[in-house]
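> attaching a predicted model along with its sequence, questions to come.
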Amino acid sequence: MDSGIFHTTYEKDMALRRTPAQKVRLVLLIAFLLVFPFLANRYYLTLANQVAIAVIGAVGLNILTGYTGQISLGQGGFMAVGAYSAGILTARLGMPWWGSTIAACFITALIGTFFGIPSLRLKGLYLAIATLAAQEIIIWVVTHWRALTGGVDALVVPDPVSFGIRINSDFNFYWVAWSIVGIVTIAAVNLFRTPYGRAFIAIRDQDIAASVMGVDLFKYKLLAFAISSFLVGLAGALTAHYRNIVTWERFTIDISVLYLAMIIIGGLGSITGSYLGATFITLLPAVLTNLGRALKSTFPAIDSVLPFIQQATFGLVIILFLIFEPEGLNKIWKNIKDYFRLWPFSY
Amino acid sequence: MSRTTKWLVFMLILSAALLSGCGGQESGGEAAPIKVGAIFDLTGPTSDVGTPYAEGVKGFVEWKNANGGLAGRPIELISSDYGYKVDQAEQLYSQYVQEGVVAFMGWGTGDTEALRTKIAADKIPFMSASYSANLLDMEVAPYNFLVGTSYSDQAIIAIRWAMDDWASKGNSDKLNVVLIHHDSPFGQSPVPDAQAFAEANGVGFTDIAMPKGATDYVAELAQIQQFGAQYVIIQNVSSPAAVLLKDAKSQGFDAQFICLNWCADEILLNLAGDAAEGVMGTIPFTPPSSPVPGHEAPDAWLKQNGSSLAEKGLHYSQGWWTMAVMAHGIELVIQDGKEVTGENVRAALESIQDFDTGGITDPISFSPTSHRGSTSLRLFQVQGGKWTQASDYISADQ
């Protein structure tokens, strides 16, 4: 019987997966992800792809907000930069989809860094307002710079094709999106084992203390914005290629708030939390819709009020989660793991 | 039960609920229902007009099924609210396509634009209440059908009417028209075509965007005045249009306002009150205040269910008749004895010539080269707090 997890070597302490149970779970998760597309129909593949894109975006935002403590309401705008960059480069310049995706990441990183400059002077709510401005400015530019973005008209992106295979069918895109999720996860998890990641966390916990310890705030805050925007731009670029069409209405302030909700519900400062939050927020409306349909066939009378019940439930579930576990889904996941590790002899 | 177990149970219920959406598929047959997917905005920013529209679509399906269905086969309308959220529109679309819908009823510009490449790839005929002219481009939107007159055609008709009205009042100085619009794809949609038409006809033209969330439009009115416009076309939804009309009234502004279809409805009358008096409207779907035969079926159906068309307003008959056109296309496929697929429905819709909507719209015609259902409409004017017919059919072509 374990009385806790103890490491006897530094190697073990530094390992990403420290216990056999963690390794087994990882293998199970990967096996599930590999088998899933063969069992799922198109609807479930669409959901899985939306989740993959949301995970990438949420990891990006969590690096900035959860790990570095810089709140951002510009998520939707940065995703728009990624999506439009990828779309324009492919549609107008004929770049291959992977080329424009990589380019879009760097462009978004650059623009994210630029809008991150106010973070050197602003904190908390003030920074939230500054990034809100970024959101509005980006959407305004996107809808009014007609020569570049086509203005308010939708930008149609040609089908991404590699080796004669159309990448953006639901099945094919699943492999692309989840492989990228895998790379992003490994990169993000390892980021916080480097001096850079530790500097981010130090800034979050107490920026003055971090500065005294020799962390260059200017450099690291901007770096956090750059890395975060890089991933957010990646999510945007993948959306553009997946959906074939870029419209600004997809990247409104609602999206920024939704992503913040993802990482708060999932767990700030946790990669697993980003996964859980993104999955939860993306699937909750689908769950409520299907639940509603099942209820409708049993109680036809509720048909007219059903949409309102669904909206209210969406809000209610989020509030309940936050009341019962303010540290997010990640903490709930930890509690479940702890419970079973000691089961049946807890306490 | 400890807290953790409760959470565990809760998560299990959630995942079970998700899986419950994965129902079995029924196979076809002689009287198998025809599945049509639909998404509506019942809770989002456009729910004020989206709700009666949705009720109209559903009403038609219930009425049609109660009256024998499509050549004996019932329509199964699978619909849900999407709250004007693009991601949810996509989720629902792929779910309904998975369940085998042969046609899809959308709602706004947001979802129509976001889905148009997918519906082309999936070959699913699509109708919505977005009448943006770029949906008429057969290259990029081969499965989109527009039942209502496009925003561009509406604006051209409005300018055409303004030219006649201006001349008939014995004026000979230059006519100037302003198109003031919502700052979005929806709002900007008619601008290029209206501008080209105005310039070709020697009419002064400019467009002004109405900033989002503005509480007054005094600055915009000053701009209009400076331009010397005698006619002002509004492409916006009712609530900002009502604010504009009220501001204009309180400033003693004397230009003639013309609302395109999304502000020419009963909601505008309620919101703007007196200020709406005399405003013209390009309304592709005849409002219930000017009864035509096409109002009878929906009105009778509503009365049977304890309501009336006068109560539901013109967006109800807009939804009803949009669905009627789609249903007619599907019915033609069944009558021809062909399999009901998206491709066949598209071909059948393209064969529709002069489909009679009982005076609700100009007769609807589609062809393989044009999905522009109607090119003409009548103008209505607010008189005594009601939309009253003010012109005969005016065509955007000619």
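Now that the structure is in, tell me what you want to look at. Note that the structure is a prediction, hence the values are computed from the model and not measured.
> the helices in chain B, which residues?
B:3-20, B:47-66, B:86-98, B:109-122, B:151-168, B:185-188, B:191-200, B:218-227, B:238-250, B:266-272, B:296-304, B:309-312, B:314-335, B:342-350 (DSSP state H).
> now the third one - C-alpha only, CSV.
Backbone C-alpha positions of helix B:86-98 (Å, rounded to 0.1, in the frame of the first residue of the first chain) are rendered in CSV as follows:
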residue,chain,number,x,y,z
VAL,B,86,-21.0,29.4,-36.1
ASP,B,87,-19.4,26.4,-34.2
GLN,B,88,-22.7,25.1,-33.2
ALA,B,89,-24.2,25.6,-36.6
GLU,B,90,-21.3,23.3,-37.9
GLN,B,91,-21.9,20.7,-35.2
LEU,B,92,-25.6,20.5,-35.9
TYR,B,93,-25.1,20.5,-39.7
SER,B,94,-22.7,17.5,-39.6
GLN,B,95,-25.0,15.7,-37.2
TYR,B,96,-28.0,16.2,-39.4
VAL,B,97,-26.1,15.2,-42.6
GLN,B,98,-25.0,12.2,-40.7
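> hmm, that helix touching chain A?
Yes: counting by C-beta under 8 Å from any C-beta of the partner chain, chain A is contacted by helix B:86-98 at B:V86, B:D87, B:Q88, B:E90, B:Q91, B:L92, B:S94, B:Q95, B:V97, B:Q98. Where you see a C-beta, it was placed from the backbone N, CA and C, and this is true even at glycine.
> near chain B, which residues of the stretch 1-150 of chain A are found?
A:N41, A:R42, A:Y43, A:Y44, A:L45, A:T46, A:L47, A:Q50, A:T143.
> of those residues - the most surrounded one?
Neighbour counts for the residues of the stretch 1-150 of chain A next to chain B peak at A:T46, which has 25 neighbours (criterion: other C-beta atoms under 10 Å in any protein chain shown).
> neighbours around the residue lying closest to B:A209 once chain neighbours are set aside, how many?
Nearest residue to B:A209 in three dimensions, chain neighbours excluded: B:D183, at 4.2 Å (C-beta to C-beta, 6 or more residues apart in numbering or on different chains). Neighbour count for B:D183, taken as other C-beta under 10 Å: 18.
> quick one, phi psi at B:D183?
For B:D183, the backbone dihedrals (degrees, to the nearest 10) come out as phi -90, psi 70.
> circling back: wait, which of the helices of chain B is closest to A:G112?
When these are compared by C-beta to C-beta, helix B:86-98 sits nearest A:G112, at 22.0 Å.
> summarise which helices and strands the closest one is packed against.
helix A:42-61, helix A:271-298, strand B:34-40, strand B:103-105, helix B:109-122 (3 or more C-beta pairs under 8 Å, 6 or more residues apart in numbering or on different chains; DSSP states H and E).
> helix/strand/coil for A:L320?
With DSSP: H, G, I helix; E, B strand; the rest coil as the basis, A:L320 sits in helix.
> that should have said A:K337, apologies.
helix.
> find the nearest non-adjacent residue to it, please.
A:A21 (7.5 Å).
> what's in contact with stretch B:66-78?
Outside stretch B:66-78, the residues that touch it by C-beta atoms under 8 Å, 6 or more residues apart in numbering or on different chains are B:30-38, B:57-58, B:61, B:64-65, B:96, B:99, B:101, B:327, B:330-331, B:334-335.
> enumerate every residue touching the residue most central in space within chain A.
By C-alpha atoms, centre = their mean, chain A has its centre lying nearest to A:A58, at 1.7 Å. By C-beta under 8 Å, 6+ apart, A:A58 lies in contact with A:Y259, A:M262, A:I263, A:G266, A:S274, A:Y275, A:G277, A:A278.
> then B:L309?
B:P288, B:H295, B:P298, B:D299, B:L302, B:Y316, B:S317.
> per-residue pLDDT of the fifth one, please?
This points to B:L302. We have a pLDDT of 88 for B:L302.
> using PDB, write out every CA atom in stretch A:188-200.
What follows is stretch A:188-200, C-alpha atoms only, in PDB (Å, rounded to 0.1, in the frame of the first residue of the first chain):
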ATOM      1  CA  ALA A 188       3.900  22.800 -23.900                       C
ATOM      2  CA  VAL A 189       4.500  20.300 -21.200                       C
ATOM      3  CA  ASN A 190       8.300  20.500 -21.700                       C
ATOM      4  CA  LEU A 191       8.200  24.300 -21.900                       C
ATOM      5  CA  PHE A 192       7.500  24.400 -18.200                       C
ATOM      6  CA  ARG A 193      10.500  22.200 -17.400                       C
ATOM      7  CA  THR A 194      12.800  24.800 -19.000                       C
ATOM      8  CA  PRO A 195      14.100  28.100 -17.500                       C
ATOM      9  CA  TYR A 196      11.700  29.900 -19.800                       C
ATOM     10  CA  GLY A 197       8.600  28.200 -18.400                       C
ATOM     11  CA  ARG A 198       9.800  28.600 -14.800                       C
ATOM     12  CA  ALA A 199      10.300  32.300 -15.500                       C
ATOM     13  CA  PHE A 200       6.700  32.500 -16.700                       C
END
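> can you give me the buried ones in that stretch?
Buried residues in stretch A:188-200, counted by 16 or more other C-beta atoms under 10 Å in any protein chain shown: A:A188, A:L191, A:F192, A:G197, A:A199, A:F200.
> now stretch A:122-132
A:L122, A:L127, A:A128, A:A130, A:T131, A:L132.
> sorry, back to before: highest neighbour count among the residues of helix B:86-98 next to chain A?
B:L92 (27 neighbours).
> and the contacts of stretch A:221-233?
Under C-beta under 8 Å, 6+ apart, the answer for stretch A:221-233 is A:56-57, A:59-61, A:63-64, A:67-68, A:70, A:72, A:75, A:78-79, A:81-82, A:85, A:104-113, A:115-117, A:119-120, A:184, A:188, A:191, A:196, A:200, A:203.
> can you say which of those are buried?
A:56-57, A:59-61, A:63-64, A:67-68, A:70, A:72, A:75, A:78-79, A:81-82, A:85, A:104-105, A:107-109, A:111-113, A:115-116, A:119, A:184, A:188, A:191, A:200, A:203.
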